[in-house]
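Peer 1: everything below, folded, please.
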Amino acid sequence: MRKLSGYAGLVVGVVAIAMSVYHVYARLTVYAPDQQALLYITLAFSLVLSFLLWPRSKNATLGRVPWEDLALAGLSLACIGYMFANYDYIVNRFPTAESLTRMDMAVGITATLLVLEATRRTIGASLPIVAIVFLLYGFSGPWLYGWLYHRGLSLELTIDQTYFTTEGIFGVPMTVAATYVILFIIFGTFLEKSGAGQFFMNFANAIAGGSRGGPGKVSVVSSSLFGTISGSAVANVMVDGWLTIPMMKKTGFKPEAAAAIEAVASTGGQIMPPIMGAAAFVMAEFQGVSYTQVMIAAAIPALFYYGALFAAVHFNAVRSGLKGLPREELPVLGHIMLRQGHLFLPVIVLLALLLFGFTPTYGAIMATLALVAISWLRPSTALGWRACLEGLRDGAVQTVPVAMACASAGIVIGIVLQTGLALRFTAFLIDFTYGSLLPALLITMVAGVILGMGMPTTPAYIMQAALLVPAIMKLGVEPMAAHMFAFYFSCLSAVTPPVALAVYAAASIGGAGLWASGVQAMKFAAAGFIVPFFFIYNPALLFEGPWPEILRAMLTGTIGVIVLAASLEGYFLRVATWFERGLFFVAAMLLIDPNAITDVIGLGLLVIGLLVQKVRTTRPTIAPETTT
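Peer 2: Presented below is the predicted three-dimensional model:
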């Protein structure tokens, strides 16, 4: 991204601040333009900032904006301006029934190309390539066979669907970016400006830094908290990792283990309530439910994810004889809470507003205003006018990649709807798996990981929601469970080799091997790969069902993920034999499954395993592999 200064930096800063201010204004007043106009304005801001801030290539000049990028920004404004100049005609016409004019076609084609190029600049080429493939699929339907066959789309019909309706670029994903995502990103940038990131790190150090493997546990706690600020796994790594990875290496963790712990902890930020990644808002919109319902449903799986990771770090450290940080190097919890504890309050305000039924947009704005006021309780955290302007500017800039990803994903959804691909693919998947749910879930898991390797979580999830989730639901899975399943594996692609972006970022900081770090990350993230299969078969893990069943599932599942960590790390009361590890693994699977019978059997196997460890007097005949 370009680092502009002087007049150019001032102009871009004003544009970005205007984008944030407008979106806050649009949520607070009844005089703002309607939803369709809001989407046009969001795309206009996003396209302009894309061409002004992101160069066409890595080798381009970063200190200035070349004339061709200025031209593209101007062309973007012209395309959106055309929509406003013909607003009544566009809004009131019958899409795909009334023919487009030559000027309509020219504007639609130009705008679509601009969206694809802006997406390529901001998040990479993978998603634009996928969008282009789907566009070509729309044209080539008559020449295809089997479930891929369709009657074919004309160029006019494709452009109409893509740019002049609410089922293409201006569809559900862009609606989510324009209404929810930008406001939560602004809240996150204000939290960052207040020093919340450093507070989370100090807080984690104070409560966990002195225990065995303390720096690893600090990484788990601080990264889960930092998810409040950023829903990006890579961003979490780049902020937390510079502190936690060197600390872990200093106390005895090998570079690969340190990188893996940080990558897995940072990836969980997207699944950690109350503020999750942008895909969670898209999920709520697709299902027609409130974001609060998605947030509540995600709570138990997130608890299992971080509980398993925390336990794995602990068992790993105890088995390897690692110590924590010296107490004199640790902050005092009381002092930290006294000086910066008030920074927890805005997050509590947001959570309370959501739970009491207020809309996410209202909650995000009120929490941001509360943060500004609360920050003045201590001079060291006070947000002055300059910090507020920087927060508004950074919030808009960080929204641009999300908005462009949503716009390009909308192109794909438009083609899927026009060609009927989703219905035919659902039928194909059901036939291919012979109506069996487990193979369909495995295919969805693999697809989510593969899609997430080349693009951010949000578009990766959207692709699955369009094609795979309907098939899972057809096989009898509840909508929330089906969408959450796809969402989880879109997130976990960040720690799944060969393209594990969070692992790459962490390994570059720790000087670790990429493959070794990736393998370790998959082991540390084991609960994330296993738990989604269980909440598919029993929605109690998503807070659906009677309270006694939910509480039992939460309790036994928490025990289960701890036992799972012990099995994979090869340590519980002592270093485990392969027999004991196998026993613990089976017990863990039975305990995570929220079924009364499996819970009783799992607890029984756990007790047997612990007794075997307690009475065994010999060392293991096969020592487990050391990961630190």
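Peer 1: from now on I want contacts and neighbour counts done on CA atoms only, so please keep to that.
Peer 2: Noted.
Peer 1: what comes up buried for the longest helix along the chain?
Peer 2: Using DSSP state H to define each element, the chain has its longest helix at helix 385-419. The neighbour-count check on helix 385-419 (16 or more other CA atoms under 10 Å) flags 387-416, 418-419 as buried.
Peer 1: what's the answer for stretch 84-103, then?
Peer 2: Of all the residues in stretch 84-103, those buried under the rule 16+ other CA under 10 Å are 95, 100.
Peer 1: what sits against Ile129?
Peer 2: By CA atoms under 8 Å, 6 or more residues apart in numbering, the contact set of Ile129 is empty.
Peer 1: which SSE is it in?
Peer 2: In the assignment (DSSP states H and E), Ile129 maps to helix 126-140.
Peer 1: relative to helix 385-419, how tilted is that helix?
Peer 2: 30 degrees (axes from the mean of the first three to the mean of the last three CA atoms, to 10 degrees).
Peer 1: mean confidence for helix 126-140?
Peer 2: On average, the pLDDT along helix 126-140 is 93.
Peer 1: so how far is the longest helix of the chain from its chain's centroid?
Peer 2: What separates the centre of helix 385-419 from the centre of its chain is 14 Å, taken as CA atoms, centre = their mean, to the nearest Å.
Peer 1: flag every buried residue along whichever helix or strand comes after it.
Peer 2: Once the chain leaves helix 385-419, the next helix or strand it forms, by DSSP H and E, is helix 421-432. Across helix 421-432, burial judged by 16+ other CA under 10 Å covers 421-430.
Peer 1: swap in stretch 178-190?
Peer 2: 178-190.
Peer 1: off-centre distance for that stretch?
Peer 2: Relative to its chain's centre, stretch 178-190 lies at 14 Å (CA atoms, centre = their mean).
Peer 1: cool, stretch 207-221 as well?
Peer 2: Computed by CA atoms, centre = their mean, the chain-centroid distance of stretch 207-221 equals 24 Å.
Peer 1: can you list contacts of that stretch?
Peer 2: The contact list for stretch 207-221 (CA under 8 Å, 6+ apart) reads 201, 204-205, 240-241, 244-245, 247-248, 251, 258, 261-262, 265-266, 306, 309-310, 313-314, 316-318, 322-327, 330, 333.
Peer 1: filter those to the buried ones?
Peer 2: With neighbours counted by 16+ other CA under 10 Å, the contacts of stretch 207-221 contain buried members at 201, 204-205, 240-241, 244-245, 247-248, 251, 258, 261-262, 265-266, 306, 309-310, 313-314, 316-318, 322-325, 330, 333.
Peer 1: in the helix holding Ile129, which residues are buried?
Peer 2: In helix 126-140, counting by 16+ other CA under 10 Å, buried: 126-128, 130-132, 134-135, 137-140.
Peer 1: okay, angle between it and helix 421-432 too, please.
Peer 2: 90 degrees.
Peer 1: tell me what angle the helix or strand following helix 126-140 forms with helix 126-140.
Peer 2: For helix 126-140, the following helix or strand on the C-terminal side (DSSP H and E) is helix 155-163. Orientation check (the same axes, to 10 degrees): helix 155-163 against helix 126-140 gives 140 degrees.
Peer 1: what's the model's confidence in helix 155-163, averaged?
Peer 2: On average, helix 155-163 scores 94.
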